[in-house]
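1. Okay, sequence plus prediction incoming.
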Amino acid sequence: MLRIIIMVLIVLLNIIFQPTMMKSISINNIAPNLLIITTVSFALLRGKYEGGIIGFCCGFLQDIFFGKVLGFYALIYMYIGFSSGYLYRSFYKDSILIPTLVISGCDLIYGFYIYIFTFLLRGKLNLMYYLGNIIIPELVYTSLIAVIVYKLFHYINYKLEMHEKKEASSS
C-alpha cells in the first residue's frame, strides 16, 4: 500500500513540475521530460507491468490536463514504459549508464511519435528542423537530468523494497 501511495505522489508531482518548474529552467523553450524519466526509471526498476501502468497514469494525467485528445499521451507513455520494462533483469540497477541510454532512446522515440502524429499528419514535413531544434535538444537535456532523477528514484525504490521485506518477514 505504501508503494502505491508513493507512486501516486511521484506521478502527481511530475505532472505539477513538468509545466511549472521545468519551464522555468528551460533553455530556448526546451525543457527536460520528467514523465519519460519517471516512466522509464520505474520500468527499469520494477518491470514491464509497473512501467506500463506508471506510463499510462503519467500519459493519462497529461491528456487530462494538457492534451487535446484523451488517450494520446497515455498510449505513448504506456508503450514506452512497457517496452523499456523488458530490460528489468538485464542490467545492474546501481549502474547509471544503461538507464540514461534507455531514457535517451525512449525520449527520441517519443519525439518521433509526437512529430509523426502532430506535425507530419498535418502536412508539416520539415523533419530536420524539428529534429535539430526540438528532439535532439530535449533528448540531451532529459538525459542530463535523468542522471540525477534516476538515482533519486533508485533510492526511493530501494527504501520501499526494504520496507516491503521488513513487513513480509514480520508477518
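-> Here it is on my side, so go on.

2. going forward, measure contacts and count neighbours with C-alpha atoms only.
-> Fine.

3. what's in contact with the helix or strand hosting residue 44?
-> Using DSSP states H and E, residue 44 falls within helix 34-46. Helix 34-46 is contacted from outside by 11, 14-15, 18, 49-52, 54-55, 58-59, 77, 80-82, 84-88, 93, 99, 102-103, 106-107, 142, 146, 149-150, 153-154, 157, using C-alpha atoms under 8 Å, 6 or more residues apart in numbering.

4. Next step: the residues you listed restricted to helices.
-> Judged by DSSP state H, the subset of the contacts of helix 34-46 located in helices is 11, 14-15, 49-52, 54-55, 58-59, 77, 80-82, 84, 99, 102-103, 106-107, 142, 146, 149-150, 153-154, 157.

5. picking up where we left off before, please produce a ChimeraX select command covering the buried subset of the contacts of helix 34-46.
-> Applying 16 or more other C-alpha atoms under 10 Å to the contacts of helix 34-46 leaves a buried subset, and the ChimeraX line that selects it is:
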select :11,14,15,18,49,50,51,52,54,55,58,59,77,80,81,82,84,85,86,87,88,99,102,103,106,107,142,146,149,150,153,154,157
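
6. Run through the neighbouring helices and strands of the helix or strand hosting residue 75.
-> Per DSSP H and E: residue 75 is located in helix 72-84. Packing partners of helix 72-84 (3 or more C-alpha pairs under 8 Å, 6 or more residues apart in numbering; DSSP states H and E): helix 34-46, helix 48-66, helix 97-114.

7. Now find how far off-centre the helix-or-strand element of the chain with minimal mean pLDDT is within its chain.
-> In the chain, no helix or strand scores lower on mean pLDDT, DSSP states H and E than helix 21-24, which sits at a mean of 74. Between the centre of helix 21-24 and the centre of its chain there are 16 Å (C-alpha atoms, centre = their mean, to the nearest Å).

8. quick one: contacts of stretch 49-66?
-> Counting by C-alpha under 8 Å, 6+ apart, 11, 15, 35, 39-40, 42-44, 69-85 sit against stretch 49-66.

9. before we move on, back to that, most tightly surrounded among the helices and strands packed on helix 72-84?
-> Of all these, helix 34-46 carries the top mean neighbour count, a mean of 26, counting by mean count of other C-alpha atoms under 10 Å.
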